[in-house]
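Colleague: predicted model follows, preceded by the sequence.
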Amino acid sequence: MSKTSDKLNDASATITAATGVLSAIFLLADTVRDELKKKGKLYNIKLPTLGGKVFWDTIAERNGLKVQKNKITGHYRILDSHDFRLAWGGSEEALLAELKKLADPTPGNA
């Protein structure tokens, strides 16, 4: 075979491998999304984030806190005004309720 043919075969193999990897990633994301939707608020460790400028949509804000939805997995999180994650989970309703509790921690708002 010629060098050009070898390069084309190598490029084709690389594209095929990359397509397989991307398919696996999307399948995993679908599985994660389905499992997270079954759960409300999940156990959280307060961690810094980059603020969600690329993979997140902000769906609600209150008193400096924001609820964001991941564009790939569909799960939700609450960030404080310094972009630390305060809560996360698969249920929009659960995270909006948690936002209300965190943003307005008055007695009887639990």
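Modeller: Looks like it came in fine.

Colleague: contacting residues around the residue nearest to the spatial centre of the chain?
Modeller: The centroid of the chain falls nearest to Asn70 when counting by Cα atoms, centre = their mean (3.4 Å). Contact partners of Asn70, counting by Cβ atoms under 8 Å, 6 or more residues apart in numbering, are Phe55, Trp56, Tyr76, Arg77. Every C-beta, even on glycine, is put in place using the N, C-alpha and C of the backbone.

Colleague: include secondary structure when you put those residues into CSV, please.
Modeller: Listed next are the contacts of Asn70 as CSV, based on DSSP: H, G, I helix; E, B strand; the rest coil:
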residue, secondary structure
Phe55, coil
Trp56, strand
Tyr76, strand
Arg77, strand
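
Colleague: closest to Lys3 out of these?
Modeller: Closest approach to Lys3 among those (Cβ to Cβ): Phe55, at 40.4 Å.

Colleague: in its sheet, what does the helix or strand of the chain with the lowest mean pLDDT sit against?
Modeller: Every helix and strand in the chain was compared by mean pLDDT, DSSP states H and E; the lowest is strand 41-42, with a mean of 70. Paired strands of strand 41-42, with direction, are strand 84-89 (antiparallel) (DSSP bridges).

Colleague: which parts of the strand it pairs with are buried?
Modeller: Across strand 84-89, burial judged by 16 or more other Cβ atoms under 10 Å covers Arg85, Leu86, Ala87, Trp88, Gly89.

Colleague: quick one: distance of that strand to the chain centre.
Modeller: How far strand 84-89 lies from its chain's middle: 11 Å, per Cα atoms, centre = their mean, to the nearest Å.
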